[in-house]
Each structure stands twice: as C-alpha cells, then as structure tokens.
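*Asks:* with the sequence up front, the predicted model follows.
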Amino acid sequence: MGKIRILDQNMINMIAAGEVIERPASVVKELMENSIDAGATKITVTIEDGGRKLISITDNGCGMDADDLAQAFEPHTTSKIKTSSDLLGISTLGFRGEALASIASIAQVRAVSRTKDSTGANCVEIDCGSKGGVSPCSADYGTTIQIRDIFYKLPARRKFLKTANTEMGHITEQFTRIALANENLDLTLIRNGKELYRLSDKDDLRRRITELFPISSSDISENLIKAESSEKGLHIHALMGMPLISRTNNRFQYVFLNGRFIRDKFISHAIKEAYRGLLEPGRFPVVFLFINMSFEDYDVNVHPTKIEVRFYNSNLVHSQILGALREKLLGTDLEMPGRLPDVQNAQSTSRYSPPVRDSRIADAMAEFFKKHRPAQMQQQLGFRPSAPGKVYAVSREKSAQYDRKYLQIHDSFIVAQTEEGFVIIDQHALHERIMYEDLCRRIRKNKLQSQRLLIPESFEVTVSGAEALKANAELTDKLGIELVPFGPRTMAVQAFPTLLSGVQPLDFIQDLIDLLDRKDAGLDAERLLDEVLNMAACKAAIKAGQKLTDSEIEQLLSDRQNAESASRCPHGRPTTIKFSIGDLEKQFKRT
Ligand code: ADP
Ligand code: MG
C-alpha cells in the first residue's frame, strides 16, 4: 500500500497559515486590511501580551450577514474577486481569500458582525479549525474579530514568538504602515488596556507622522520636504526627510502603492540615487512616498503577504520617482541648522560631550565673536581658481573698501554673514563640491582639457594595475590623462588635466589605479566616473588649514551661490552650518 495521503483541510490551512501568519503582527495586518476593504472609517485594535493572549479588531465597516459569517472562515473564500480577469486589476487590499481561514486554523477565534440593514448581529466561534454554528447576538454595526492564544496547538510556532515587547513592536509597525497610508481613518491602538495611539481622521499626514514617531517627531515632521509629480498616469506624493535627519538603516522609508505598503528594490534604488551626494555613506534618508497608479499597471499577486509587487513598467516608476525627488532636493536649501545649546542648559556642559567636529565649530563660533572685526589683509597663497580663466584677483583697493561680512577662522572655516544670521562654511568641503560640479559639467560636454607635462613623469605599475588602466582607457582619456608605456613594468604620464594642475599627477594616478582595481566588478561606467570625479575634486580642493586671501574667500562665496547643491560635499557631508539671528537673540536672552 502506498504511503502518500491527501492532507485533511485543517492541515492544509495550518500549512498555508505559515505563509501569511508569521506572528501576531501578521494577524493585525490582515484584519485591519479586511476592515479597510469593508469600507470602515474607524478601526480599534486591542492587544494583550504582545498579541499572544488577545488580538481584537473592531471596525464600523459593511459587516457580514449570517451566511457570509459562516463562509468567511472557510479556505479560499472571498467576496473580492470572482473570475481570473479580476486578478488583472486588484483594487482591494485582500483578494486571496485565505487570511481568515489561516488565522482560524491556528488560534481561538470569535467573530461578531452586523450589516447596516440588519436588526441584529451574528457570531461564530472557531477553535483551531473546528467551527461552531453561527448564532445571533447583540452588537453594533460592523465587525469585531477576536483572536486568542495564537499558535496554542502549535508549540513549535509558539516557541518562535519573541517577548511581548518585541511582538508589540512588530504590531506597532504594521499599525503605523496602515495609519500612514490611510490618513482618512480614525485609528486606535490599545495595549494591555492603555491607549497607545489615537489617530483622528481630521489630522493631516504631518500631524500623523508626529504622533506615530513621538520620540523623533521634532526631528522628523519639522524636517520634511514635500514633492509631487504626476505624469504618464503615475502620481507621486512624497514627504522627504532633509539629510540632517538621515538614519543608519532604511526602516524610515515608507513606500505605498495605492494605499498598500510595499518593498521594492527599484524604488529603494531610486530613493538612494535621489539622495546621492547628499548623504554620507551608510546613511539612509527618511522618506514617506505615496504612489498612485492604475491597478492594471502592476501585479500584486506575487507574494503571499503582498509586500512585493511586479510593475509592468518598472523603468518608468524608477525614473519618475528619481526625477521628482532629486529635482525637489536640489531645489531646496539643505543647509544644516546649527545647534546652539539649550537656553536652559546653557550652563551645564557635562551632560553632553560634543564630538570633535562640533567642538571645532564651537571654537570657531567663540573665535568669531571674539574677533568680530575685519581681519588684516592676508597674503596671497597658491590657491587655484575653480575654473581656469576666472578672475580671482579682486584688487586690493576694492577689497579694502568692500564691507566685509566674512572671516576665515583657524584657516579652515569661513564665517559669513547672511540675511538671516550667519553661516559657517567648511572651506574644503565647499570647494570640493564646487570643483566636483565643475568637473561634472565639463566632462558631460567633452573630455577634460589637459596640458602636456614638460617632462613626462614615469611610474612603476603592477600587472593588475596596468590591466585596470588598460580596461579603463576610455575613462582616462575622458579625464584628459595621457599615459604611455615606458618599459616592461613602467608607464609615464604625458598629459594631465588642466583643472587638476595643483595635484601631483603620480599621486593621483596611484589612487586612480587603486580605485579601478578595487571597483572592477559591478560598478557601471557612470558610477565609476562619478567616484573618480569625487576623488579628483577632493584632491584639487583647497585644504583645511590653508590660509585664504580675501579675494579667494569672495570667489568661494560667489561660487557657492552658483553651485547646484552647495550644502553638501560630494561625499554627502555638510559644507555649511547656518545660525539664525533669532536663535542668537534667544541665546543672549534678548527676546
Ligand atoms: P480576502 O480578504 O482575501 O477576501 P479573508 O480571508 O481575509 O480574504 O476574508 C474573507 C472574506 O470575509 C472577505 O472577502 C470579506 O468578504 C469578509 N470579511 C473579512 N473581514 C471582514 C470585515 N472586517 N468586514 C466585513 N467583511 C469581512
Ligand atoms: Mg483579507
């Protein structure tokens, strides 16, 4: 006799439940989505013991009559689709008809429901797949579903549940996602009898963000930029975090497609690219992104929890998101506001020991106030203009008459007066940015102009180094670097870009080889060029510790006005920190 058996339906449901119901938070997600699909405007979620003891969801949606209530917990039952053609344009959050059946197979469930036109409610109870009959009861319009003792007959699964706090964290995250996507809903989350969130349908999205992220709210909601675009049937609405509230992971990237929270690698990539050069490596932007498009333009039936979708035109989605976000970011003043100590805590410094960079800025400020007078004329040093041919030399006479509103301190920072207060500029970071943009502009048009070296400089090269150079001959040519073989293991530089005239050619080429050697795999030509230009800008920029003349400072300040994105260096570090006169007045207790 054969060994193969057909599993009974309850076993099938339990196995299927493994896909959709991973933990209590999955139950919360599925039930809240059902309430939304039922047209609810108010949903209350009650949790006890991290969902282990009780998960209860009450809504004021359309409700179910007795027949539907009997049917809803059977496998593959749904009111949302009928035929295969309905799968091509799913407008509801659910459609697979398996959530209630899965949930009912792994816990004790009690459901009470009443439709708008019925005089009474009905209820049904299911204990790990064994269902009782539907009986009348009394309740308000809408539906309440209570889940008790999740996984109690599946010790292996129950064992995998984490502490109540951890499970509650997951539940809160699901609640947050739904709350962000549904501004128009009244939502309440109660934990162990205490209200954790009560979100009103009257509040706008920013208010909702403030309530959902209370610890970091002053951070987040005050530092969001709004971006919108609508093209080719794709509507994008985003609140983008300023670079200063970036995070160390991408948890604060919320992407919604027609009200559904999704994760998508194309979209994550577009977001990352939009912030390119505005964030330091390893930092992730805070982004709330809402995409609306026709239901026919993507497939949500690719993942049991529907967190992944398949776009039919993912290139369009990518380019439009990238374009809309990037354009907005570049058009926004992203300067870092300076942090003055709290007025109340101005005396106590022990509480907080500033990192080196902060203390340098504090020093710089102190210096500024101490020496608030014109500096003596400084002698000209070898600072090269960012663009050849540009006249840096402002006459001494003019410079003396100029009502100076800037000051170089510690030969590293420039303090400059602005209309709103003053800014402190990191001279290297800003010049690096300006150089980088200049290089990008030029190389986009043509190869970089180069100049022949009087005497070619020769250098030794390893086999892999020589190969890396050979493989990237097009790149070196674009940069205006001319290399010739000079012996078995030796090469020589004959021409070098004019713009990098202050950089040691051999030093540059060594670093270039290292970069090419390291980055051979997986980096497309555009990104590689970008990295090389980054490096070039860094090497060619004025350094910290370099004394600048007035005319050099003036040129730098004027180039800053023309830069596309002067607030960050190409590595994403801030170039400028701004202080407002209002903050200073508060600090000096003038207001
Ligand atoms: P799906 O949501 O994929 O249709 P579910 O198993 O989650 O499958 O739900 C089955 C059906 O039960 C739904 O199609 C819907 O008709 C009904 N239902 C579930 N929850 C509710 C609710 N809160 N209010 C009204 N009807 C509901
Ligand atoms: Mg559902």
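*Replies:* On my side now, so go ahead. Residues are numbered from 1 along each chain as shown. Ligands and ions are numbered 1, 2, ... in the order given.
*Asks:* pull up the distance across stretch 96-115, start to finish.
*Replies:* With C-alpha to C-alpha, to the nearest Å as the measure, the ends of stretch 96-115 fall 23 Å from one another.
*Asks:* hmm, that stretch touching ligand 1?
*Replies:* Yes. With C-beta under 6 Å from any ligand atom as the measure, stretch 96-115 is seen reaching ligand 1 through 96-101. To be clear about C-beta, it is placed using only N, CA and C from the backbone, and glycine gets the same treatment.
*Asks:* tell me the secondary structure at residue 57.
*Replies:* Residue 57 carries the three-state label strand when classified by DSSP: H, G, I helix; E, B strand; the rest coil.
*Asks:* state the distance from the nearest residue to residue 242 once chain neighbours are set aside to residue 332.
*Replies:* Here the nearest residue to residue 242 in space, its sequence neighbours aside, is residue 223; by C-beta to C-beta, 6 or more residues apart in numbering that works out to 4.3 Å. In this structure, residue 223 and residue 332 are 11 Å apart, going by C-beta to C-beta, to the nearest Å.
*Asks:* residue 103: neighbour count?
*Replies:* Other residues near residue 103 number 25, with proximity taken as other C-beta atoms under 10 Å.
*Asks:* related to what we said a few turns ago, of the residues of stretch 96-115 next to ligand 1, which is the nearest to ligand 2?
*Replies:* In terms of C-beta to the ion, no member of the residues of stretch 96-115 next to ligand 1 lies closer to ligand 2 than residue 99, at 4.1 Å.
*Asks:* next, the residue of the stretch 1-150 of the chain found nearest ligand 1: phi, psi?
*Replies:* The nearest approach of the stretch 1-150 of the chain to ligand 1 comes at residue 94, 2.4 Å away (C-beta to the nearest ligand atom). Taking degrees, to the nearest 10, you get phi -100, psi 160 for the backbone angles of residue 94.
*Asks:* does residue 563 touch residue 432 like I think?
*Replies:* No. Proximity of residue 563 to residue 432 does not meet the contact threshold set by C-beta atoms under 8 Å, at 10.8 Å.
*Asks:* now the strands for the stretch 251-400 of the chain?
*Replies:* 253-257, 260-261, 287-292, 298-299, 310-311, 336-337 (DSSP state E, counting those that start in this stretch).
*Asks:* could these go into a markdown table alongside mean pLDDT?
*Replies:* A markdown table is the format used below for the strands of the stretch 251-400 of the chain (pLDDT from 0 to 100):
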| stretch | mean pLDDT |
| --- | --- |
| strand 253-257 | 97 |
| strand 260-261 | 97 |
| strand 287-292 | 98 |
| strand 298-299 | 94 |
| strand 310-311 | 96 |
| strand 336-337 | 79 |
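*Asks:* and ligand 2, which of those is closest to it?
*Replies:* Of all the strands of the stretch 251-400 of the chain, strand 260-261 sits nearest to ligand 2, with 12.2 Å by C-beta to the ion.
*Asks:* do you know the pLDDT at residue 154?
*Replies:* The pLDDT attached to residue 154 in the predicted structure is 88.
*Asks:* confirm for me that it is in contact with residue 11.
*Replies:* No. In this structure residue 154 lies outside contact range of residue 11 using C-beta under 8 Å: 11.5 Å.
*Asks:* run through who's touching stretch 462-478.
*Replies:* Stretch 462-478 is contacted by residues 443, 447-448, 461, 483, 489, 491, 512-513, 516-517, 520, 525, 528-529, 532 when judged by C-beta atoms under 8 Å, 6 or more residues apart in numbering.
*Asks:* go through the residues you listed and name the one nearest ligand 1.
*Replies:* Comparing every one of these with ligand 1 (C-beta to the nearest ligand atom), the shortest separation belongs to residue 525, at 46.1 Å.
*Asks:* re earlier: which residue of residue 154 and residue 11 possesses the greater neighbour count?
*Replies:* residue 154 (17 against 13).
*Asks:* now do the contacts for that one.
*Replies:* Residues touching residue 154, when contacts are defined by C-beta under 8 Å, 6+ apart, comprise 14, 106.
*Asks:* could you rerun that using 7 Å?
*Replies:* Counting by C-beta atoms under 7 Å, 6 or more residues apart in numbering, residue 154 makes contact with residue 106.
*Asks:* now do the phi/psi pair for it.
*Replies:* Here the main-chain torsion angles of residue 154 (degrees, to the nearest 10) amount to phi -130, psi 70.
*Asks:* equivalent analysis for residue 190, please.
*Replies:* Dihedral angles (degrees, to the nearest 10) for residue 190: phi -120, psi 130.
*Asks:* got the residue ranges for the helices in the stretch 51-200 of the chain?
*Replies:* For the stretch 51-200 of the chain, the helices identified by DSSP state H, counting those that start in this stretch occupy 66-72, 99-104, 155-159, 164-181, in order along the chain.
*Asks:* how about the residue in the stretch 251-400 of the chain that ligand 1 sits nearest to, nearest residue that isn't a chain neighbour?
*Replies:* Distances between the stretch 251-400 of the chain and ligand 1 by C-beta to the nearest ligand atom are smallest at residue 306, namely 9.5 Å. Counting by C-beta to C-beta, 6+ apart, residue 300 is the residue found nearest to residue 306 once chain neighbours are left out, at 5.2 Å.
*Asks:* the one you found: neighbouring residues, count only.
*Replies:* When neighbours are defined as other C-beta under 10 Å, residue 300 has 22 of them.
*Asks:* would you mind checking which helix or strand in this protein has the lowest mean pLDDT?
*Replies:* The least trusted helix or strand in the chain, going by mean pLDDT, DSSP states H and E, turns out to be helix 396-401, with a mean of 42.
*Asks:* what residues does the chain put near ligand 1?
*Replies:* Within the chain, the positions adjacent to ligand 1 are 30, 34-35, 38, 59, 61-64, 72, 77-80, 94-101, 143 by C-beta under 6 Å from any ligand atom.
*Asks:* could you identify the buried members of those residues?
*Replies:* 30, 34-35, 38, 59, 61-64, 72, 78-79, 94-101, 143 (16 or more other C-beta atoms under 10 Å).
*Asks:* up against ligand 2, what does this protein have?
*Replies:* Counting by C-beta under 5 Å from the ion, the residues of the chain lying close to ligand 2 are 34, 94, 99.
*Asks:* how about a cut-off of 6 Å?
*Replies:* The chain comes close to ligand 2 at residues 30, 33-34, 94, 99, as judged by C-beta under 6 Å from the ion.
*Asks:* who does the next helix or strand along the chain from the least confident helix or strand of the chain touch, helix- and strand-wise?
*Replies:* Following helix 396-401 in sequence order, the next helix or strand is strand 406-409 (DSSP states H and E). With contacts defined as 3 or more C-beta pairs under 7 Å, 6 or more residues apart in numbering; DSSP states H and E, strand 406-409 has these neighbours: helix 356-370, strand 413-417, helix 550-562.
*Asks:* who does strand 406-409 pair with, and is each partner parallel or antiparallel?
*Replies:* Each strand that pairs with strand 406-409, with its direction, by DSSP bridges: strand 413-417 (antiparallel).
*Asks:* could you identify the helix or strand that succeeds the strand it pairs with?
*Replies:* Moving toward the C-terminus from strand 413-417, the first helix or strand encountered (DSSP H and E) is strand 421-426.
*Asks:* next, the spatially closest residue to residue 184 that is not a sequence neighbour: phi, psi?
*Replies:* By the measure of C-beta to C-beta, 6+ apart, the closest residue to residue 184 outside its immediate chain neighbours is residue 201, 5.3 Å from it. Backbone torsions for residue 201, taken as degrees, to the nearest 10, come to phi -70, psi -10.
*Asks:* was I right to think residue 201 contacts residue 185?
*Replies:* Yes. Proximity of residue 201 to residue 185 meets the contact threshold set by C-beta atoms under 7 Å, at 5.8 Å.
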